[in-house]
Every structure is written in structure tokens, then in C-alpha cells.
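Engineer: Need coordinates for the following:
(one chain, ligands or ions: 2)
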Amino acid sequence: MSSTAEKYTEETVTWVHTWVPEKLFSFRTTRFSGLRFAPGQFLRLGVRKISAGKPDEIAWRAYSVASANYEEHLEFFSIVIPDGEFTSELKRLKVGDSLYVEKQPYGFLTTSRFETGKDLWLLSSGTGLAPFLSILWDPEVWQRYENIVLVHCVRDAEELVYQETIHSYCEQELLSDFCKFQDKKLTYIPIVTRGPSDFKLKDRIPLLIRNGELERSAGIKFDPERSRIMICGNPEMVDDTRKCLGEFGYKTSRRSQPGQIAVENYW
Ligand SMILES: Cc1cc2nc3c(=O)[nH]c(=O)nc-3n(C[C@H](O)[C@H](O)[C@H](O)COP(=O)(O)OP(=O)(O)OC[C@H]3O[C@@H](n4cnc5c(N)ncnc54)[C@H](O)[C@@H]3O)c2cc1C
Ligand SMILES: NC(=O)c1ccc[n+]([C@@H]2O[C@H](COP(=O)([O-])OP(=O)(O)OC[C@H]3O[C@@H](n4cnc5c(N)ncnc54)[C@H](OP(=O)(O)O)[C@@H]3O)[C@@H](O)[C@H]2O)c1
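Structural biologist: Ligands and ions are numbered 1, 2, ... in the order given. Down below sits the predicted model:
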């Protein structure tokens, strides 16, 4: 790692994993030791536009950190957009290649948005899963909430990635103590809306909230006193879900007016 400018550092790719060829992959980079972020926040990443034949230019995009804030590396989970300016460059990166990472973290999709609450609902579509993976690595979250529900809504079953990680949180050294006295502290709810799958839920999140299916699958009820709800991914999903919850009286949490909802739109 070398510091190339004050605003960002140059980092090295240390690991790449393809989940779905030409569609979904994850990667890790080295991490500047002075970089601090809260689980759920995003960083701005930069890649040189070599594939576009403009190596002197850098394309920048926001990326949620998927790894724990105490890890030595940074992990990200990415889509590949056909002809996308950024992801066409990102997808060619191999171990040993470099990319740029801004030192300043951004975003308010953090549990610090909520002062109270007992049940944490993490509702995601597509790559919107990423910030929740980081949040789930945070021991404080496991200590603070009695129940955690992770919902991942995708078009096709092959996009239900990170299942091994999700199923292993309770066995992690820093987290296992919080799972000891409870059978199901974390409930994982996969939803596949288009392709065939063995998973039970096939409808969009707002419909599953309205018809009570999401509560039934989680085994807990939405309750304004207890529920704190984070939503991330496709902006239409975020908007429709927020509106749906709004009909039941749930509000976005603001500093001046605490509520139950925090959101992040990906585009
Ligand atoms: C706060 C924030 C955090 C983000 N975190 C992530 C992340 O962790 N992982 C990630 O893959 N992307 C993330 N994104 C999106 C990311 O910044 C880029 O948009 C994405 O890398 C595509 O870049 P592009 O130049 O190839 O295409 P763009 O020109 O940026 O986007 C073209 C179109 O592709 C679609 N699109 C863009 N991003 C996505 C996506 N993630 N999933 C599905 N469709 C998409 C939209 O229709 C968009 O209009 C985040 C965006 C924001 C605002
Ligand atoms: N994933 C693919 O196979 C694919 C293929 C071609 C293009 N793309 C492009 O990639 C981008 C997004 O990709 P993505 O894979 O993350 O898919 P996405 O379109 O964001 O869908 C992800 C999940 O969110 C759901 N969703 C979409 N809109 C919603 C809403 N308003 N309310 C509730 N749920 C909603 C989808 O359900 P539904 O299935 O019901 O929409 C799906 O289960 C889009 O720009 C898309 O055009 C993706």
C-alpha cells in the first residue's frame, strides 16, 4: 500500500471470488491502517480505465464494505453491469492489481441511527446484502438485539450468495457467546422472485410484509417499539418497502426525530 494522495490510498487486491460469472463477484484488498468506518458504511473506490483505453482516468463509485470493521482487509461484493463504466474495469482486476480507496467513509446505514429496539430487520435486494454482512460481524449488534432477521431478495437462486458465511456467524469466536442461549438469534430469509428454487418465499418484500408471510417466516411480528428496520439495494425496492412500512406507521429515523427505518439506495 502506498499513499498516492491525501484523499485516497492505493490498495492491492488480495482475493477475488466469482459467484456468478459476468454477474456477481467479491474481492478483498489491503487496508490502510488509518482507515476507520462503522459497519454499514460505504467507501468510494477508484479504478483506472484501462479497458476503456484511458489509463490516465480513474472511475469512482460508492461501495459498501462487506467485511468487519476490525479486519485487516476490506471486502466488497459487486455486480457486473454490462458496459458499466466502473464494473467493466473492476471485473478485470486480479490478485496483485491495485485500486484506490478513499479514506473518508460515508453513509448513515448504521445501527447508531437507532437508540432503542430489540428486533433488527435487515432487508436487502441483490448486492444490497453487502452492508448487512459487515453489520453482522459486529459483536455489539448481537449483544444489543434479541432477534436479527436477514432478508435477501434476488431474481434467481444462484444470486443467493454468502450463505456459508451467513450460516456461520453464530460459530464465530466473537459472536458465539451471544447465540448460546437462543436457538435462532439470526433468522436468514432468502427470497427468489423469478427463477425456480426450493426456497419458500417468491414474492417481493412489500407484498410479503402486507400478507404477513415475512413475519411468519421470521417467527416474530413487526412492532414499532421493538422493530428497527434497515433497507438496502434497488431504489424502487427501498422506496416501495419504506412506503409499505409507512402505511403501518413506521418512520425513517432522523437525528431530530427518532424512527424505526434506515435506508441506502444503490443507484
Ligand atoms: C451508497 C452506495 C453503495 C453502493 N454499494 C455497492 C456495493 O456494495 N456493491 C455493488 O455492486 N454496487 C454498489 N453500489 C453501486 C455502485 O456504486 C455502482 O453503481 C456499480 O458498481 C455499477 O457501476 P457501473 O459504472 O458499472 O454502472 P453505473 O453506470 O454506475 O450504473 C448503471 C446502472 O446499473 C444498475 N446498477 C448499478 N449498481 C447496481 C447494483 N449494485 N446492483 C444492481 N444494479 C445496479 C442501475 O440500473 C444503474 O443505473 C453502491 C452505490 C451506492 C450509491
Ligand atoms: N439479475 C439479473 O439477472 C439481471 C439481468 C438483466 C439485467 N439486470 C439489471 O441489473 C440491475 C439490477 O439487478 P439485480 O439483479 O440486483 O436485480 P433487481 O432488479 O434489483 O432485483 C433484485 C430483487 O429485488 C426485487 N425488486 C425489484 N424491484 C422491486 C420493488 N420495487 N419492490 C420490491 N422488490 C423489488 C426483484 O424482484 P422482481 O424479480 O420481482 O423484479 C428481485 O427479487 C437492473 O438494472 C437490471 O436491469 C439484472
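
Engineer: Not counting residues beside it along the chain, what's closest to whichever residue of the stretch 101-250 of the chain sits closest to ligand 2?
Structural biologist: Residue nearest to ligand 2 within the stretch 101-250 of the chain: Gly126 (2.6 Å; CB to the nearest ligand atom). Yep, even glycine has a C-beta here, placed from its N, CA and C like the rest. Distance criterion CB to CB, 6 or more residues apart in numbering; nearest residue to Gly126, sequence neighbours excluded, is Gly233 at 5.2 Å.

Engineer: so who does the one you found touch?
Structural biologist: By CB atoms under 8 Å, 6 or more residues apart in numbering, Gly233 lies in contact with Ser124, Ser125, Gly126, Thr127, Gly128, Leu129, Cys153, Tyr266.

Engineer: Test my guess that the fifth one contacts Pro235.
Structural biologist: Right, the one you point to is Gly128. No - between Gly128 and Pro235 there is no contact under CB atoms under 8 Å: 9.9 Å.

Engineer: what residues do those two have in common as contacts?
Structural biologist: In contact with both Gly128 and Pro235: Tyr266, using CB under 8 Å, 6+ apart.

Engineer: Specify which residue of these two has the higher count of neighbours.
Structural biologist: Taking neighbours as other CB atoms under 10 Å, Gly128 and Pro235 compare with Gly128 leading, 28 against 14.

Engineer: quick one: the residue nearest to Gly126 from Leu109, how far?
Structural biologist: The gap separating Gly233 from Leu109 is 11 Å, by CB to CB, to the nearest Å.

Engineer: Can you tell me the SS state at Asn69?
Structural biologist: Under the three-state scheme (DSSP: H, G, I helix; E, B strand; the rest coil), Asn69 adopts coil.

Engineer: Show me the shaky parts of this structure.
Structural biologist: Applying pLDDT under 70 to the chain picks out residues 1-5.

Engineer: In it, what residue comes closest to ligand 1?
Structural biologist: Of all residues in the chain, the one sitting closest to ligand 1 is Gly84 (1.9 Å; CB to the nearest ligand atom).

Engineer: Phi, psi for that residue please.
Structural biologist: Phi and psi for Gly84, reported as degrees, to the nearest 10, are phi -60, psi 140.

Engineer: Give me the neighbour count for it.
Structural biologist: Gly84: 14 surrounding residues under other CB under 10 Å.

Engineer: Contacts only, for it.
Structural biologist: Neighbour list for Gly84: empty [criterion: CB under 8 Å, 6+ apart].

Engineer: contacting residues for the nearest residue to Arg226 once chain neighbours are set aside?
Structural biologist: Spatially, and ignoring its direct neighbours in sequence, Arg226 is nearest to Lys118 (4.3 Å; CB to CB, 6+ apart). Applying CB under 8 Å, 6+ apart, we find Lys118 in contact with Tyr145, Glu146, Asn147, Glu225, Arg226.

Engineer: go on, Glu11?
Structural biologist: By CB under 8 Å, 6+ apart, the contact set of Glu11 is Met1, Thr29, Thr30, Arg31, Phe32, Leu74, Ser98, Leu99, Tyr100, Val101.

Engineer: Touching, Ala130 and Ser67? I think so.
Structural biologist: No - contact criterion CB under 8 Å: Ala130 and Ser67 do not qualify, at 9.5 Å.

Engineer: Looking at those two, which is more packed in?
Structural biologist: Set Ala130 next to Ser67 and count neighbours by other CB under 10 Å: Ala130 wins out with 27 against 22.

Engineer: ok, that one - contacts?
Structural biologist: Going by CB under 8 Å, 6+ apart, Ala130 touches Tyr63, Ser64, Val65, Ala66, Phe76, Phe77, Cys232.

Engineer: Right, I'll call it a day here.
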